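>>> please find the sequence and the predicted model below.
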Amino acid sequence: MTTVLSSLRQETISTTQTNSLQNTTSSLDSLSPNQQLLPLTTIVNSSDHLEIGGCDVVELVQQYGSPLYILDEASLRTGCQQYREAFTKHYQGQSQVLYASKAWSCLAVCAIVGSEGLGIDVVSAGEILTALRAGVSSSLIYFHGNNKSVEELSYALESGCTIVVDNWHELKSLDNLAKEQSLADSFTASRITPRIMLRLTPGIECHTHEYIQTGHIDSKFGFDPNEIEAVFAFVAASSLNCIGIHAHIGSQIFELQPHKDIGGVMVQWFKLAGEKYGLQFSELNIGGGLGIRYVESDDPPSIEDWVKTVSAGVTDAFINSGLTLPKLLCEPGRSLVGSTCVTAYTIGGSKTVPDIRTYITVDGGMSDNPRPITYQSKYRAVVANHMSATLSQTVTIAGKHCESGDILIKDIQLPETNAGDILVVFATGAYNYSMASNYNRLPKPAAVIVGTGESSLIIKRETREDLLRQDCLPERLRK
Ligand code: LLP
């Protein structure tokens with residue numbers, strides 16, 4: 001007889017050999033969180049409930065409400081440590097891991113990754129503010145984006161962040177800002193030279209959803225390689241301090257080869273910049289992109305294997321070109337935070353269309369997880385309040401939004417369910433809260449962090465009143 005528990009065990013045992021739902025925290029260090037379907041501390045407790053970070057998920061929902069994002073601190077810290085330690089082990093030069101906070105930007109996540117020695121990749125003034133308020137030093141904040149406003153650029157410069165310049169418009173705006181600033185500051189000694197990197201499109205294709213490919217030539221991001229000499233010439237004549245170059249080829253990538261190839265492509269530009277334009281770059285940023293396991297069939301490389309591969313690619317390329325090794329930066333988002341979090345929902349009604357399917361509805365959906373409707377992403381779920389129950393039906397989990405496509409999971413095996421049961425969807429840490437909306441005026445869920453049996457709120461649940469906070473009703477429309 002197949003149960004939810006045994007099916008999860010099977011899939012975790014068969015793919016990692018060492019993990020199972022009965023794991024205790026003793027072996028966490030050796031597991032690469034991005035390869036696990038479940039947060040590392042997940043077990044089934046004596047009440048037959050799912051437990052994460054020593055906290056009973058059913059009790060968490062009773063305490064904090066539903067839907068609820070539940071973030072496992074140990075998984076997040078383990079991922080950060082594995083990235084850092086792998087660079088120390090496999091790369092001879094200096095390195096710096098930056099967390100791509102677009103995956104989930106909030107104070108607690110930024111504070112944790114910052115405390116693990118990571119910097120932060122940000123893409124808006126809002127993400128800069130979040131990283132700074134979380135206590136991350138601006139010297140470790142790198143500002144991305146393909147249409148940064150002058151206001152955002154000024155804010156980033158004043159805060160001391162490094163700017164990853166994406167295009168001509170931005171390069172020229174920054175040069176103007178630098179000139180204005182040097183004029184304004186000519187009476188003081190406090191002039192700051194903008195610290196920039198250049199984002200280049202490396203022309204490397206990878207197999208992932210087309211919306212999340214960025215490294216191929218036909219991409220909205222980065223300078224086209226054909227313009228590279230003009231860009232270098234401009235930078236060399238400007239008052240900008242260009243410390244290096246950046247490339248990011250895409251997201252949720254399982255192959256290692258595309259990331260291995262980046263070093264070979266980028267080294268030519270390092271060399272050209274130095275030899276022809278006198279630009280002495282010291283940093284090379286190879287972006288993020290390592291995938292995670294969302295469903296049993298997903299088989300991403302481990303964090304260590306990814307770091308080892310990119311390190312070898314960069315090392316070979318630089319040594320063969322006779323250049324000293326650059327400081328190597330990378331920007332993982334999904335592989336750091338994705339597998340650390342689950343979303344708990346409360347099951348409502350169900351509808352059976354005879355001979356076709358049974359829909360089970362939950363109290364959230366595309367507003368808290370827009371990935372299935374946007375990318376046709378697949379997820380795995382369990383009924384957390386009776387983990388050892390027999391899997392007896394194939395059902396489709398529908399969200400509560402007024403949209404037929406608001407389906408979280410199609411055709412999943414679950415035990416019998418009743419209204420009030422707690423459904424837990426795995427691997428929802430990346431691009432869920434950060435892409436959440438208020439569609440149909442649903443308040444955004446709360447998020448808690450769990451570890452060693454304790455839970456703390458990290459994001460409050462929005463209230464109905466919060467939803468009206470920005471609305472204005474002009475006098476003439478009032479009754
Ligand atoms: N660096 C840059 C410049 C990026 O654009 C991204 C992601 C990353 C780093 C982090 O990539 P990661 O390690 O998370 O794969 N919303 C989509 C993903 C969009 C990724 C955007 N850029 C999704 O839900 O799949």
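That came through fine.
>>> residue of the stretch 101-250 of the chain nearest the ligand, please.
Nearest residue of the stretch 101-250 of the chain to the ligand: H248, at 3.7 Å (CB to the nearest ligand atom). For glycine as for every other residue, the C-beta is placed from the backbone atoms N, C-alpha and C.
>>> that residue and I262 touch, don't they?
No: counting by CB atoms under 8 Å, H248 sits too far from I262 to count as a contact (9.3 Å).
>>> for these two, list the residues in contact with both.
Residues within reach of H248 and of I262 at once, by CB atoms under 8 Å, 6 or more residues apart in numbering, are I286, G287.
>>> tell me the SS of the residue in the stretch 351-479 of the chain positioned nearest to the ligand?
Per CB to the nearest ligand atom, Y431 is where the stretch 351-479 of the chain lies closest to the ligand, at 3.1 Å. Of the three states, Y431 takes coil under DSSP: H, G, I helix; E, B strand; the rest coil.
>>> just the pLDDT at it, thanks.
pLDDT for Y431: 98.
>>> surely it is in contact with S101?
No: using CB under 8 Å, Y431 is not in contact with S101; the gap is 11.4 Å.
>>> which bits of the stretch 51-200 of the chain sit near the ligand?
Taking CB under 6 Å from any ligand atom as the criterion, the stretch 51-200 of the chain approaches the ligand at residues A100, K102, A103, D121, H144.
>>> and the second one, how many neighbours?
Yep, that's K102 we're talking about. For K102, the count of nearby residues is 22 (other CB atoms under 10 Å).
>>> follow-up on the earlier one: phi, psi of the residue of the stretch 351-479 of the chain closest to the ligand?
The phi/psi pair for Y431 (degrees, to the nearest 10) reads phi 60, psi 30.
>>> what's the burial count for it?
Neighbour count of Y431, defined by other CB under 10 Å: 24.
>>> so who does it touch?
Neighbouring residues of Y431 by CB under 8 Å, 6+ apart: K102, A103, W104, G333, R334, G338, R371.
>>> same deal with G117?
Residues in contact with G117 (CB under 8 Å, 6+ apart) are C80, R84, V97.
>>> for A398, give the beta-bridge partners.
On the basis of DSSP bridges, A398 is bridged to T361, I407.
>>> and it, how many neighbours?
Neighbour count for A398, taken as other CB under 10 Å: 24.
>>> okay, it: pLDDT?
98.
>>> now, the contacts of Y431 that are in helices?
Members of those lying in helices (criterion: DSSP state H): R334, R371.
>>> give me the buried subset of the contacts of Y431.
Neighbour-count burial (16 or more other CB atoms under 10 Å) is assigned, among the contacts of Y431, to K102, A103, W104, G333, R334, G338, R371.
>>> TSV please, covering those and showing pLDDT.
Conversion of those to TSV gives the following (pLDDT from 0 to 100):
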residue	pLDDT
K102	98
A103	98
W104	98
G333	98
R334	98
G338	98
R371	98
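>>> closest to N167 among those?
Nearest to N167 among the buried ones among the contacts of Y431, counting by CB to CB, is K102 at 18.4 Å.
>>> how about the closest one, nearest residue that isn't a chain neighbour?
Computed as CB to CB, 6 or more residues apart in numbering, the closest residue to K102 that is not its neighbour in sequence is V123, at 5.4 Å.
>>> in the helix or strand harbouring Y359, what's buried?
Secondary structure from DSSP states H and E places Y359 in strand 357-362. Residues of strand 357-362 classed as buried by neighbour count (16+ other CB under 10 Å): I360, T361, V362.
>>> ditto for stretch 267-284
Neighbour-count burial for stretch 267-284, with 16+ other CB under 10 Å as criterion, is recorded at V267, W269, F270, K271, A273, Y277, L279, F281, E283, L284.
>>> so of those residues, which ones are in strands?
Secondary structure assignment by DSSP state E places E283, L284 of those in strands.
>>> of the buried residues of stretch 267-284, list those near the ligand.
Among the buried residues of stretch 267-284, no residue sits close to the ligand (CB under 6 Å from any ligand atom).
>>> about what we covered before: which helices and strands sit right next to the strand holding Y359?
Here strand 357-362 touches strand 341-353, strand 393-398, strand 407-414, going by 3 or more CB pairs under 8 Å, 6 or more residues apart in numbering; DSSP states H and E.
>>> turn these into TSV, including distance to the ligand.
Converted to TSV, these look like this (distance: least, CB to the nearest ligand atom, whole Å):
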stretch	distance to the ligand
strand 341-353	13
strand 393-398	18
strand 407-414	14
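>>> could the ones you listed be laid out in CSV, adding distance to Q62?
Shown next, in CSV, are the helices and strands packed on strand 357-362 (distance: least, CB to CB, whole Å):
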stretch, distance to Q62
strand 341-353, 10
strand 393-398, 21
strand 407-414, 21
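>>> for G53, which of these is the nearest?
Closest approach to G53 among the helices and strands packed on strand 357-362 (CB to CB): strand 341-353, 10.6 Å.
>>> chain center to that closest one, what's the gap?
From the chain centre to the centre of strand 341-353 is a distance of 25 Å (CA atoms, centre = their mean, to the nearest Å).
>>> adjacent strands (with direction) for it?
strand 68-72 (antiparallel), strand 357-362 (antiparallel), strand 422-425 (antiparallel).
>>> and those as a markdown table, adding mean pLDDT?
Below are the strands paired with strand 341-353 laid out as a markdown table (pLDDT from 0 to 100):
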| stretch | mean pLDDT |
| --- | --- |
| strand 68-72 | 99 |
| strand 357-362 | 98 |
| strand 422-425 | 98 |
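>>> quick check: buried residues in the helix or strand that contains S173?
Using DSSP H and E, S173 falls within helix 168-184. By neighbour count with 16+ other CB under 10 Å, helix 168-184 contains the buried residues E170, L171, S173, L174, D175, L177, A178, Q181.
>>> check contacts around the fourth one.
Applying CB under 8 Å, 6+ apart, we find L174 in contact with L153, L157, I163, V165, P194, I196, L240.
>>> show me which residues of the stretch 351-479 of the chain sit near the ligand.
By CB under 6 Å from any ligand atom, the part of the stretch 351-479 of the chain that sits against the ligand consists of R371, Y375, A430, Y431, M435.
>>> distance of the fourth one from R334?
Spelled out, that is Y431. Going from Y431 to R334 by CB to CB, to the nearest Å gives 7 Å.
>>> between the two, which contacts overlap?
Common contact partners of Y431 and R334 (CB under 8 Å, 6+ apart): A103.
>>> look up phi and psi at the closest residue to D72 other than its chain neighbours.
Spatial nearest neighbour of D72, chain neighbours left out: P39 (3.5 Å); criterion: CB to CB, 6+ apart. Backbone torsions of P39, given as degrees, to the nearest 10, read phi -50, psi 150.
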